[in-house]
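# any chance you can model this:
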Amino acid sequence: MGKTAAVSIPPWIDEEEFRRVVEEVVKRLGGGGVPVQELRKRLGIRPEDLVEDLEAVDVEALEARERERLPP
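The predicted structure follows:
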């Protein structure tokens, strides 16, 4: 039996095209796989669509807060 996955797609991606590409990917998974660049091209995802602003995180401070938060 297969697994079910729920995916939220942005409004600028055509739902039917997305479904077709995902079905093709699933069919090819048994063999060689599909490169990410090919998926992006087929779905019309441009490099500027993938840009997110990330803030720097002080890992040591985060670890210290987590140690305080979690029980010993």
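
# secondary structure element holding residue 66?
For residue 66, the host element (DSSP states H and E) is helix 59-69.

# any idea how far that helix is from the chain center?
27 Å (C-alpha atoms, centre = their mean, to the nearest Å).

# cool, stretch 58-72 as well?
The answer for stretch 58-72 is 27 Å, by C-alpha atoms, centre = their mean.

# what's the single longest helix in the chain?
Scanning the chain for the helix with the most residues, using DSSP state H, yields helix 15-28.

# what does that helix contact?
Contacts with helix 15-28, where a contact means C-beta atoms under 8 Å, 6 or more residues apart in numbering, come from 7, 9, 34, 39, 42, 43, 44. Yep, even glycine has a C-beta here, placed from its N, CA and C like the rest.

# ok, and the closest non-adjacent residue to the second one?
Okay, so that is residue 9. Of all residues beyond its chain neighbours, the one nearest residue 9 is residue 18 (5.4 Å), with distances taken as C-beta to C-beta, 6 or more residues apart in numbering.

# if I look at that neighbour, how far off is residue 48?
Residue 18 sits 19 Å away from residue 48, going by C-beta to C-beta, to the nearest Å.

# ok, residue 66 next?
Applying C-beta to C-beta to residue 66 and residue 48 gives a distance of 34 Å.

# what about the two, which has more around it?
Between residue 66 and residue 48, residue 66 has the larger neighbour count (other C-beta atoms under 10 Å), namely 9 against 6.

# how confident was the prediction at the more buried one?
We have a pLDDT of 88 for residue 66.
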